[in-house]
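Student: Kindly generate the corresponding structure for this input.
(3 chains)
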Amino acid sequence: MIRSTAQVESVAPEPRIGVYVCRCGGNISDVIDTEKVAETIKLVPGVRVSKVHSFMCSEPGQAMIAEDIKKEQLNRVVVASCSPFLHELTFRVAVRRGGLNPYLYEHVNIREQGSWSHHGDPEGATVKAIRLLAAAVHRLYHAEPLEQIRLPSHRRALVIGGGIAGLKAAVDLAAKDVGVVLVEREPQLGGRLLGLASLFPNDESGRAQIDRLVGEVQNNRNIEVLTGTVIKSVSGFLGNYDIAVGPASAGGAADVEAGGAKEKKLSVGAIIVATGHDYYRPGSGEYGFKRYTQVVTMPEFIDLLAGASRDGIEFNGQRIRRIGFMHCVGSRQIEGIHQPQADGRVNDYCSRVCCTTVLHQALHAKRRFPYLAVFDFHQDIRTYGRLHEDYYRRASEAGVVFFRFHGDEPPLVEGGVDGYPVQVRLKDWLTWGEEIVVPLDLLVLAVGMVARDNRELVNLLKLPIGADRFFQEVHPKLRPVETSVNGILLAGTAQAPMTIEETLASASAAASKAACLLAHDSVELETFKARVDADKCIGCGLCFPECAYEGALVRTNVEREGKTVTLASVNPGLCVGCGACVPVCPTRAIDLQGWTLSQFEAMVDGLLSAPLPSQPATSESSSHGKAH
Amino acid sequence: MQNSQVQSAYFDVVVVGGGISGIQAALDLGDQDHKVLLVERSASIGGKMISLSKTFPTLDCSSCITTPKMSAAFHHPNIQVWTSTDVERVESSDGVRKVHLCRHPTYVDNSLCIGCRLCEYACPVEYPDPFEEGLGAQRAIAVPFTNALPQKAVLNPRYCIACGACIKACPTDAVQFDQREERLTVEAGAVVLTTGFALNSLELKREYNAARSANIISPLQLERLLVPHGPYGRVLRPSDGKVPGNVAFVLCAGSRDQSIGVLYCSRFCCMYSIKQAMLLSGALPTAELTIYYMDIRAFGKGHEQFYQNAKAMGIQFVKAKVASIEPVTGDDISLRVELEEEAGRVAERRHDLVVLAQGAIPVFEPAKALNTPAAEDGFLRQPDSVKITWTGVEGVFAAGCALGPKDIVDSIVEAGAAAMEASKFLAMRTAGRSPAQKPDRLANPVGT
Amino acid sequence: MAKLTDNHKAALKRFRDQRKEQGEDPAEYAKQFRRERLAIEAALKNGPATVPAIANATGLAGKQVLWHLAGMRKYGLAREVDQDGDYPRYELIAAGKETQGKTDGAKNGARC
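Tutor: Residues are numbered from 1 along each chain as shown, chains lettered A, B, ... in the order given. Below is the predicted model:
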């Protein structure tokens, strides 16, 4: 299954190296004596051509390199110019134009790391340039042509979770002709949205949104839905995951019956995790929860309001007239103030949706029952989203009374007097910290979102979890739906609290990433991977504990002198090329392709043995740091 | 302008706006083998993000994490980048999008320019550098900034005295004073609008008197002051080059305010102000730093913890309405604040540098450029609750701040979503077509 | 260094004429810019100075002086030397070839 197309051609017996030094129109040559660099580097063995050009990146400069490769039969090229960020690719392409493998090219930065940083020390900068070039030439002695590793892949994705995020991701991928297996633990699709009667910002019902997506899923030949099903095992890597699924609960016959779930094996190229969130469950006595029946959570209130008749909201046989909403229940918790969770940590994050939910629900209630008195207890009102601020303004206009508390002095919930079942006592910072008591018929706790207990899935997928217990993305700014495991993506509230719109965006973004990864029949992997020389490997196993990527190193049985020995080998699909295995190998059997130990040693040799111009070599010691 | 020879007048997708949203959308589409034209109004892609100092809440160096994305888009085999190009109108009819473009003259032939900057060094005129938010100086012909892409010189005709020094200095004869504005139309299967946002004027709130003091600055100006190689090389106040010792941040200085007609929350100001205060406390350890706020909206992943860290660092958070701002003696500034936690007691607070968190407002005009009404907040509409990046116009999608203010991570997610919707739209549209009928692969853009 | 050809000269003339038609005169701005720059350079001839000191000597606004110094730093014509109280002092860099990067680097700006 694993086939590396990397050609390991024999190293050319005689290196014929071309060195090209760029003046960069004075940016380099005003400080570094580029002519002297080119002249001196000729003394390094193997250098056949050494030339200077004012602008190596220009078309004439590139053409000169390509021409020299053919004319002088060069088999290695070095360019000394600006940062590789700007032009490494340019010159790799130029080298290819000349008919050379682009990895037989080395880029040396003598501008940002030369003339610009050592402008006060021209001689030192010149010596440094020569040394860096000599190192590059020595490195190239050991260079070999490389190609990107290409592995065949399945154009099919596994989506875990049949809530709105999973449904959206499945619909998106299917439209792109990517096969989808949608796995849902519950007997039916839909997830949390089914319980939400009215969504902000358009007052659509959760069921209506889910129905639209479920309709698209059910009529789609590219989507296979497995309800009542969970993931049993996962192995493989990007493009080639092997998955086993089975019935959700071994004990619950009802579950199996409902979903008709069976054991099944799947092969997929990518995995989208859309397992959603749980609502925070307040501790006993937290804001009076469980101590007073009239303290309920937001999901309970949403049901209560949806089920209320035209006469009003009835709860526990009592007509509700005064409602309080408590923000930040289970969110923005402070160590030492709030009870820690089971793992000893508090939920110190903001759950993002509760502020708008409170105001949306409060307005909804006021609109239906204008006589209601509504009280809002908050730290900050975070109606950040599009149209959310409207709710805040309209709630104020509708007469919702706002109180502000500080996180380190949360309000107290007590038994009420004068017929009120509960009351809230707080220091209100909108009235200079005055202590205020608000009697209520019902207190609604705006519970935050918490990560689901996904332990089994976490272990199967080997995904990192953040301090907030949600799945951790690989880069919180630039790669929000990708994980550190290539090919496993995150959609929706499995990653962090978010609104429905944000969940939909996240699901589509994850689908988009999956579609990119599976755009072709094969996946391309970076060429810089570890490799093992089987002749040198003694099977000591020292490399295995160093490897942080499970499955990247594989124990392989080989016949040697009539005996079976176990040696290490590399699965390029899982190896990330970090090189951690290289230094522990006692026989130097393991090496990083493209960055071999012998290349590093050669670079050091090059640095130390560089031929220097007649200038005193000591000037180099002053060549680092600012000139003034 | 990327190159003068237009290879194809048809693209699968035209992405309008080369900021981080547009770059991400283009990359997602290009990686799915769509032929993409990325159009950018200014001379370099990178948008607002490339000019920021660091990003919250990770404090990553912004240019360090933006440049690889810019480079990936710029060198992508499926993406062509046209800079200095405005989109004047997008038409959607008969199953095709027509994008009407105006390519502005840069007076430099990009196929010849090699970005050596010799013209810039030779140019005798400097003007307030827009990349440095006016705080630094730029020559009339120059490469826009260090990590601009493309790395091509651009001439600003407003300041050029046509002395010819640049022509003499140019090693490739790339300077072309005969360039003129050029209008052209490209066809596209789909369009993604990632036109971003603008900040409303510093001088919008008259009672804040920003016009009367150089030390009442915009947050983007402070970003440039905080960048290691910013205009002054360090944080100084603009009026007289003094190291500031007492800096105020005024939040909601152009949002959530009925008096200026911006009712919505601009969403990222709380977080960037906290970040800027943190960075200032590193740069100026003895400075007093005060944030005047209505609500702190630290709602994103890791944001609340970032806010709590800032409080622990000694940054002052004062819940207050800033009623007025007046320049006073010594180039200092006096704030008249109503302290909300002291029952609205009015106090005068003196600072030597004040940053106004301006509101984020739309730049794209849907009524004019897309023949569709804008939403009430002026941004593009999102009429479909499940396809949230669809603008209501067939084949036209949007992402990032074109759909209302949002931070970088939310913009990147939305850009991926818009790319997905556009790609789906194309897939359904061409379902009957064989791949052979798809337009040929475009030649690589002429790059640096 | 290339010479101006007749084609170049004709193009420059057309460019200038077009600017004039639009009623804009960059020459006036350029003269003003030059005057200010020379005044600041003259003020710095006597040795390093702060922005207020230069403003005093030249009659220019502090803001304008600082703006010029930003440009002079960028193009390697001036640099920061030390600090006088809360004000950094700047000096001229001896005339030489201008290259990008000849700045005095970041002082209190955070590094990336």
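
Student: Could you give the number of residues near the closest residue to B:D240 other than its chain neighbours?
Tutor: Spatial nearest neighbour of B:D240, chain neighbours left out: C:G62 (3.6 Å); criterion: CB to CB, 6 or more residues apart in numbering or on different chains. Where C-beta positions appear, they are placed from N, C-alpha and C, glycine not excepted. A count of neighbours around C:G62, defined by other CB atoms under 10 Å in any protein chain shown, yields 23.

Student: thought C:G62 was touching B:L236?
Tutor: No. In this structure, C:G62 is not within contact of B:L236 by CB atoms under 8 Å, at 10.4 Å.

Student: who's in contact with the residue in the stretch 351-500 of chain A positioned nearest to chain C?
Tutor: Here the residue of the stretch 351-500 of chain A nearest chain C is A:K477; by CB to the nearest CB that distance is 14.1 Å. Applying CB atoms under 8 Å, 6 or more residues apart in numbering or on different chains, we find A:K477 in contact with B:55, B:58, B:60, B:65, B:408-409, B:412.

Student: That one sits in which helix or strand?
Tutor: Following DSSP states H and E, one finds A:K477 outside all helices and strands.

Student: Distance-wise, check it relative to B:T55.
Tutor: As judged by CB to CB, to the nearest Å, A:K477 and B:T55 stand 5 Å apart.

Student: Touching both of the two, which residues are there?
Tutor: The overlap between the contact sets of A:K477 and B:T55 (CB under 8 Å, 6+ apart) consists of B:65, B:408.

Student: ok, so what distance separates A:G385 from B:E126?
Tutor: Note on A:G385: its distance to B:E126, by CB to CB, is 43 Å.

Student: Go ahead and confirm B:K242 touches B:G330.
Tutor: No. Counting by CB under 8 Å, B:K242 sits too far from B:G330 to count as a contact (9.2 Å).

Student: These two: which has the busier surroundings?
Tutor: B:K242 (24 against 11).

Student: for stretch C:32-47, which positions count as buried?
Tutor: Residues of stretch C:32-47 classed as buried by neighbour count (16 or more other CB atoms under 10 Å in any protein chain shown): C:33, C:36-37, C:39-40, C:43-44.

Student: Likewise for stretch B:190-202?
Tutor: Neighbour counts over stretch B:190-202 (16+ other CB under 10 Å) mark B:190-197, B:199-200, B:202 as buried.

Student: Can you tell me which of these is closest to chain A?
Tutor: Nearest to chain A among those, counting by CB to the nearest CB, is B:V192 at 11.8 Å.

Student: you'd agree the closest one is in a strand?
Tutor: Yes. Membership of B:V192 in a strand is supported by DSSP: H, G, I helix; E, B strand; the rest coil.

Student: is it in a bridge, and if so with what?
Tutor: As for beta bridges, B:V192 partners with B:V15, B:F397 under DSSP bridges.

Student: all helices in the stretch 1-150 of chain A, in order from the N-terminus.
Tutor: Using DSSP state H, counting those that start in this stretch, the helices of the stretch 1-150 of chain A run over A:34-41, A:59-71, A:84-97, A:122-141.

Student: Taking their axis directions, the second one and helix A:84-97 sit at what angle?
Tutor: Put plainly, it is helix A:59-71. 40 degrees (axes from the mean of the first three to the mean of the last three CA atoms, to 10 degrees).

Student: mind listing what the residue nearest to C:A39 when sequence neighbours are not counted touches?
Tutor: Distances taken as CB to CB, 6+ apart place C:T58 nearest to C:A39, at 4.2 Å, with adjacent residues excluded. By CB under 8 Å, 6+ apart, C:T58 lies in contact with C:36, C:39-40, C:42-43, C:65.

Student: Backbone dihedrals for C:T58, please?
Tutor: Note on C:T58: backbone dihedrals following degrees, to the nearest 10 are phi -100, psi -20.

Student: Check what pLDDT it gets.
Tutor: C:T58 carries a pLDDT value of 98.

Student: and if you look at B:H229?
Tutor: B:H229 carries a pLDDT score of 82 in this model.

Student: Surely it is in contact with B:G136?
Tutor: No. Using CB under 8 Å, B:H229 is not in contact with B:G136; the gap is 9.9 Å.

Student: neighbour count winner among the two?
Tutor: Neighbours were counted for B:H229 and for B:G136 using other CB under 10 Å; B:G136 has more, 22 against 19.

Student: which residues sit in contact with the more buried one?
Tutor: B:128-129, B:224, B:230-231, C:67, C:70-71, C:74.

Student: same thing with A:R555?
Tutor: Counting by CB under 8 Å, 6+ apart, A:R555 touches A:541, A:544, A:566-569.

Student: ranking those by neighbours, who comes first?
Tutor: A:A568 (24 neighbours).

Student: What's the per-residue pLDDT of that residue here?
Tutor: A:A568 is given a pLDDT of 95.

Student: do A:G251 as well
Tutor: 51.

Student: quick one on the thing from earlier: which of the contacts of A:K477 fall within helices?
Tutor: Within the contacts of A:K477, residues falling in helices by DSSP state H are B:65, B:408-409, B:412.

Student: you'd agree C:L60 is up against C:L38?
Tutor: No. C:L60 is beyond contact range of C:L38, at 11.4 Å (criterion: CB under 8 Å).

Student: Flag the shaky bits of chain C, pLDDT-wise.
Tutor: Along chain C, segments meeting pLDDT under 70 span C:1, C:95-112.

Student: Please enumerate the strands of it.
Tutor: Ranges of strands within chain C are C:49-50, C:78-84, C:87-92, based on DSSP state E.

Student: beta partners of the nearest residue to A:E35 once chain neighbours are set aside?
Tutor: Nearest non-adjacent residue to A:E35, counting by CB to CB, 6+ apart: A:V52, 5.9 Å away. Beta-bridge pairing for A:V52 (DSSP bridges): A:V21.

Student: just curious, which of the ones in helices among the contacts of A:K477 is nearest to A:V424?
Tutor: Distance ranking of those against A:V424, using CB to CB, places B:V409 first at 35.5 Å.

Student: Can you report how many residues lie near the closest one?
Tutor: 24.

Student: Off-centre distance for stretch A:15-30?
Tutor: Offset of stretch A:15-30 from its chain centre (CA atoms, centre = their mean, to the nearest Å): 39 Å.

Student: First-to-last residue distance for that stretch?
Tutor: Stretch A:15-30 has an end-to-end distance of 32 Å (CA to CA, to the nearest Å).

Student: what's the answer for stretch B:187-201, then?
Tutor: In stretch B:187-201, first residue to last residue: 36 Å (CA to CA).

Student: just how off-centre is it within its chain?
Tutor: Distance of stretch B:187-201 from its chain centroid, counting by CA atoms, centre = their mean, is 11 Å.

Student: For it, give the mean pLDDT please.
Tutor: For stretch B:187-201, mean pLDDT rounds to 97.

Student: Please enumerate the helices of chain B.
Tutor: Remark: helices assigned in chain B by DSSP H are B:20-31, B:62-74, B:118-122, B:165-169, B:219-226, B:269-283, B:303-312, B:366-369, B:408-429.

Student: possible to save those helices as a markdown table with mean pLDDT?
Tutor: Shown next, in a markdown table, are those (pLDDT from 0 to 100):
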| stretch | mean pLDDT |
| --- | --- |
| helix B:20-31 | 98 |
| helix B:62-74 | 87 |
| helix B:118-122 | 96 |
| helix B:165-169 | 97 |
| helix B:219-226 | 98 |
| helix B:269-283 | 97 |
| helix B:303-312 | 97 |
| helix B:366-369 | 96 |
| helix B:408-429 | 97 |
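
Student: Good, wrapping up.
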